[in-house]
Each structure stands twice: as structure tokens, then as C-alpha cells.
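Student: sequence unavailable; structure follows:
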DNA sequence: AAACTTAGCGTAAAAAATACGTTAACTATT
DNA sequence: AATAGTTAACGTATTTTTTACGCTAAGTTT
């Protein structure tokens, strides 16, 4: 490895995506491509992450992990929480894997967890190499990564109440139905469609575009887009 | 020092207190008690913090810092954010001080910032040794501690909207006026007293006690207390 | 006893949230 | 060509919450 690592601090990213049906989280199978004897036994799924380079900003390390994996930049990325228990690496499989992956003897890593929101329909270099796990059903993962995912879900559910995060997960053009479905999935409750429309009709940053659904066996829905500039302007005005 | 340190990860605590008039943050003067020639030049004020011990949970380190300083336990304490820029220690004074304080050559520390809320009127062992700085006016501090304080204020302002954090800052018994004043200071805006009373009258966890103000030159105010159990019960019911 | 000061209640109006029914526009099927 | 099936999109009445604003109460000081 060319770059010097800081063997004490890592970053891990909980990357969320929405496929129209359900909320997914990106997981990596650390056994993928390894010969059977090199593989670690169960819980081979983990979050994407990396040690922080020796002279690298921690936040930058998270951006790097995202870029390397998805090819995407300018993604919504937030610090989630630090996981700093001294026995985070207590499972033997995890320790072994870490040693092989970093070629260092490590017995403690404090990790800074981030969560990111991406538009799932975009083509990504990691396609086929990663697992998009449904967030309704998170299996046991490597290290304390299951806890991290759950913490990420909690944070997303909270933040989505106050910030228009859903637009980071939806495609550029979307219908009101898609918007409502996504809110319903994240918040885990149903909305009355008529009242939902009424409430979002106040959002000046939600703009209809000159396009409708096609080839659907029902009345085609209007497409909308998120006007980020309008949103930021309104937010600024609000604070003045 | 008897305990082995992890020279890469530290914790820093933004400790808030309310004296009835204004919101304060606890700062330490690192020159205090040093002979003049040993003192570091300007910006000698810093947040309380510590390196994380080698086998210590990061959260536990923050609890320890709080306990050592204030003697208090079971304090409201939340992770705030990680400050992980590689040039956090860029000021020469800061590096020198760190070297003296830890007796180690350190060129990078990732710090996990926490914020804590305490009841200011309680007696504390650190009394006289620390500075309670008004949050309206935070001077330049050591390291990036000014940024950390500002981040702490932002987090407090946000959280106070959704959680009854104010009761961690108020004395056990308090008046509605004190409660309102604290909200006004944290949120930086005024409330209509009549409407304020109306809105809090729905809070079932806010309970009048059998005591009123004494020796005040006006109608004495009713004292109230925060019923934490009732709050937790109501919160639990809400999520079911 | 009069003046001063903050506590504490109440009502009317506006805004937001909730509950609920019907028509519109398309495709697929006969 | 007509019918059935499906989701889009709109509107109104009711309840709840928020906002705006005025007056009396209960102490201390002079």
C-alpha cells in the first residue's frame, strides 16, 4: 500500500439508496473474489470503509471511500456517530480479516460512521460487486456494522422530518406518488394522498416539469423536480 | 502518567450551564498555575478534554473528563461531531502545550467533541479554577475549540426544539419565567408569555410543586419540576 | 394606602392538520 | 368500440394548533 495509514481511526459509510420499492443500504461481501480457504466464516458482509490516511482529513476519507466505490462526487454525506468501544474488533474473524486487508497488527480502531444518500438508478462502477440490502431486514454484519446501519436509519428518519433529504434519493424527475412512497418507507407510516398533496403544495422548491409519465395503464402522473436553489434561497430568507 | 494513552484520539467537552441570565460554556485556562515562562502566549483558553486511554471506550473518556472536572455523574452528554482535520494542531503554541501536557511527540489528534448540560448552581470542585464564558461572546480559543463550541451551540439550538433538554440546565425547581427565559436565550427569540404558558400547559411532565417564590417584590411565582419518569412514559407511549 | 412589578388567566381570529368522495386519463381486455 | 381496471388529481367541512392581544392578582417598596 502506497499511502501511510493511521491504524487507529477509520471511516465507515452507510450508503442509502431507493429503488422505488424499498430503502436499501450498500454492503460489501469481503469474501468476494477470495478463494474459499481465505474466506472468513459467517457475517462476511460489511459496510464500505477505510482507514484514514496519515495526513488525511477524516471527512475527506469518507468522501474518498464514496468516490472509489460509486464514482460519485458531491453526494449528501453526514457524520453519523463515532463508534469507539475498545472491543469493537472482538470477533476473531474480523480481526483476522483486518490484519490481512491492512497487513498490520491492529487491536483497536475507532471508527467514524457517516451516512450518505445516493440516486440508485445511476450507473456505478461497483455494480454487481456490492449488495443492496433491504433496510427492513439487516442481517448480522461484520464488526459492529449492524449497529451502525441501525443508527444510520434512526438518523435518517429524524433528519428527513426537517430537511428535504428525500430528493437526494429520488431521481431528478419524479412523481408525487414516488415522493409519498419514499416518505412512507422512511417514516414507516402511511399518508393520506390528498392531504399529502396539500402539504407539499406549499413547497415552493418542488416544481412541475413539462413532462408526464408514459405507457402506464392509468392516468399518467406529472413529473416534478427539486429546485435546490429555490430551497436554499427560501431557507436563507427564513433565517433572516 | 500511569495509564497508557492513545495518542491519536481525544475527547473534548462543550459543557453548557445556565445562571438565570445567560448561557455559559465552561473553559479552562491552560496557563493557570504555570510560571510565566512556561505559559503559552495568546488563546490560552481551551475546552476540557483528554486523550482517550488505550483501552477505554471513547464515550467513557468523555464521561471521565466530566467527572474529574465537575464531580458530577449521570449528566446529559451527547456526541457532537468529530473534528479530524490533519492540521487541527497547526498553531505552534498548541503543539508545544500538548507536548508538555502529554510528554509525547504528537503531530495529529482526531478529537471527538461532546456537549454536556449541567445545573450551574450546584457546587463543583472546579469552582474558581474554570471560566464560565458567556456563549454570546466566544473569544478565539486554543486549537479549533472555538469551532467546536459554535458547533455545540448549533446542536443545542436544534435539539432543544425536539427534546426537553432545558430541564438539564434548570435547577430542580424553577418558575415558568425561568423556563421561558432559557428558551428565549437558547433559541435567540422572544415568546409571548401568555402563549408560552398555553403551549407548555400541555406538557404533562411539567408539574407544579407545593412551593412558591419568596421575598420577591411582586406576585410570587409557582415553582415547577420536571417529571422525568412521566416524560419517558409518555415518549414510550407515543412510539407504540 | 398608593405605586410598582411580575404572575397568571382567557378569548377571538388565523392557520394548519385531518377526514373523507369524486372525477380524470390512460391501458388492457372483451 | 365498449368496458373494466388502475392510479392521478382535485375540494370541502371539521378539528386542532398557533397567534395576537387585555386584564386582574398578589406580593414588596415607598
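Tutor: That came through, no problem. As the structure is a prediction and not an experimental result, all values here were calculated from the model. Residues are numbered from 1 along each chain as shown, chains lettered A, B, ... in the order given.
Student: going by C-alpha atoms from here, please, whenever you check contacts or count neighbours.
Tutor: OK.
Student: domain-wise, how is chain A divided?
Tutor: What the record gives for chain A is the domain set A:5-158, A:170-239, from automatic domain parsing.
Student: is the shortest one in proximity to DNA strand C?
Tutor: Yes - judged by CA under 7 Å from any atom of the strand, domain A:170-239 comes into contact with DNA strand C through A:192, A:194-195, A:198-199, A:214-220.
Student: can you narrow those to ones near DNA strand D?
Tutor: Within the residues of domain A:170-239 next to DNA strand C, those near DNA strand D by CA under 7 Å from any atom of the strand are A:194-195, A:217-220.
Student: can you redo the domains of chain A as TSV with mean neighbour count?
Tutor: Converted to TSV, those look like this (neighbours: other CA atoms under 10 Å in any protein chain shown):
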stretch	mean neighbour count
domain A:5-158	18
domain A:170-239	14
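Student: weakest of the ones you listed in terms of mean pLDDT?
Tutor: The stretch with the lowest mean pLDDT among those is domain A:5-158, which comes in at a mean of 90.
Student: what values do phi and psi take at residue A:202?
Tutor: Residue A:202 has phi and psi values of phi -80, psi -10 when expressed as degrees, to the nearest 10.
Student: distance check, it against chain B.
Tutor: Counting by CA to the nearest CA, to the nearest Å, the gap from residue A:202 to chain B is 22 Å.
Student: who in chain A is up against DNA strand C?
Tutor: Counting by CA under 7 Å from any atom of the strand, chain A comes close to DNA strand C at A:192, A:194-195, A:198-199, A:214-220.
Student: go again with 10 Å.
Tutor: The interface of chain A toward DNA strand C, taken as CA under 10 Å from any atom of the strand, is made up of A:191-200, A:202, A:212-221.
Student: among these, name the ones in strands.
Tutor: Assignment to strands by DSSP state E places the following of the residues of chain A next to DNA strand C there: residue A:212.
Student: continuing past the longest helix along chain A, what's the next helix or strand?
Tutor: Among the segments of chain A that qualify as a helix by DSSP state H, the longest is helix A:145-159. Beyond helix A:145-159 on the C-terminal side, the first helix or strand identified by DSSP states H and E is helix A:166-169.
Student: in helices only, show me the residues of chain A next to DNA strand C.
Tutor: Secondary structure defined by DSSP H assigns A:193-200 of the residues of chain A next to DNA strand C to helices.
Student: quick check, nearest of the residues you listed to DNA strand D?
Tutor: Ranking these by separation from DNA strand D, with CA to the nearest atom of the strand as the measure, puts residue A:194 on top at 4.4 Å.
Student: from memory residue A:43 sits against residue A:145, does it?
Tutor: No - taking contact to mean CA atoms under 8 Å, the distance of 10.1 Å between residue A:43 and residue A:145 leaves them out of contact.
Student: helix or strand for residue A:96, which one?
Tutor: Under the assignment here (DSSP H and E), residue A:96 is part of helix A:92-102.
Student: can you check residue A:52 too?
Tutor: Counting by DSSP H and E, the element that carries residue A:52 is strand A:49-53.
Student: again, but for residue A:78
Tutor: Following DSSP H and E, one finds residue A:78 within strand A:76-83.
Student: if we can go back for a sec, now for the strand holding residue A:52, which elements pack on it?
Tutor: Taking 3 or more CA pairs under 8 Å, 6 or more residues apart in numbering or on different chains; DSSP states H and E as contact, the helices and strands that strand A:49-53 lies on are strand A:5-18, helix A:58-70.
Student: rebuild those as a markdown table, extending it with distance to residue B:232.
Tutor: Shown next, in a markdown table, are the helices and strands packed on strand A:49-53 (distance: least, CA to CA, whole Å):
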| stretch | distance to residue B:232 |
| --- | --- |
| strand A:5-18 | 29 |
| helix A:58-70 | 35 |
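Student: format the ones you listed as CSV; extra columns: distance to DNA strand D.
Tutor: Shown next, in CSV, are those (distance: least, CA to the nearest atom of the strand, whole Å):
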stretch, distance to DNA strand D
strand A:5-18, 17
helix A:58-70, 30
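Student: who touches stretch A:229-240?
Tutor: Applying CA atoms under 8 Å, 6 or more residues apart in numbering or on different chains, the external contacts of stretch A:229-240 come out as A:204-205.
Student: nope, stretch A:95-113 is what I was after
Tutor: When contacts are defined by CA under 8 Å, 6+ apart, stretch A:95-113 is touched by residues A:7-14, A:40, A:58, A:79-89, A:148, B:82.
Student: what do you get if the cut-off is 6 Å, keeping everything else the same?
Tutor: Contact partners of stretch A:95-113, identified using CA atoms under 6 Å, 6 or more residues apart in numbering or on different chains, comprise A:8-13, A:80-84, A:89.
Student: quick check: end-to-end length of that stretch?
Tutor: The separation between the terminal residues of stretch A:95-113, taken as CA to CA, to the nearest Å, is 19 Å.
Student: pull the distance from it to the chain's centre.
Tutor: Computed by CA atoms, centre = their mean, to the nearest Å, the separation of stretch A:95-113 from the middle of its chain amounts to 23 Å.
Student: next one: stretch A:72-89
Tutor: In terms of CA atoms, centre = their mean, the centre of stretch A:72-89 is found 11 Å from the chain centre.
Student: ditto for stretch A:150-159
Tutor: Taking the mean of its C-alpha atoms, stretch A:150-159 sits 11 Å from the chain's own mean (CA atoms, centre = their mean).
Student: is chain B within reach of that stretch?
Tutor: No - Stretch A:150-159 does not reach chain B (CA under 6 Å from any CA of the partner chain); its nearest approach is 10.3 Å.
Student: quickly check: that stretch near DNA strand D or not.
Tutor: No - contact of stretch A:150-159 with DNA strand D is not found when judged by CA under 10 Å from any atom of the strand; the minimum separation is 18.0 Å.
Student: got the contact list for that stretch?
Tutor: Applying CA under 6 Å, 6+ apart, the contact partners of stretch A:150-159 are A:186-187.
Student: repeat that for stretch A:71-84.
Tutor: If you take CA under 6 Å, 6+ apart as the criterion, stretch A:71-84 is touched by A:67, A:110-117, B:57-58.
Student: and which of the residues you listed is nearest DNA strand D?
Tutor: Lowest distance from DNA strand D to the contacts of stretch A:71-84 (CA to the nearest atom of the strand) belongs to residue A:117, with 23.4 Å.
Student: what is that closest one paired to in the beta sheet?
Tutor: Applying DSSP bridges to residue A:117 gives these bridge partners: residue A:16, residue A:76.
Student: check contacts around it.
Tutor: Residue A:117 makes contacts with A:15-16, A:76, A:168-169, as judged by CA under 6 Å, 6+ apart.
Student: farthest pair in these?
Tutor: A:15 and A:168 (11.5 Å; CA to CA).
Student: kindly report the residues of chain A close to DNA strand D.
Tutor: Near DNA strand D, when you scan chain A using CA under 10 Å from any atom of the strand, you find A:174-181, A:192-198, A:201, A:208, A:211-213, A:216-224.
Student: hmm, back to that, got the residues of domain A:170-239 next to DNA strand C as a markdown table, with distance to chain B columns?
Tutor: Formatted as a markdown table, the entries for these read as follows, by distance: CA to the nearest CA, whole Å:
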| residue | distance to chain B |
| --- | --- |
| A:192 | 20 |
| A:194 | 25 |
| A:195 | 22 |
| A:198 | 25 |
| A:199 | 21 |
| A:214 | 40 |
| A:215 | 41 |
| A:216 | 38 |
| A:217 | 38 |
| A:218 | 37 |
| A:219 | 37 |
| A:220 | 37 |
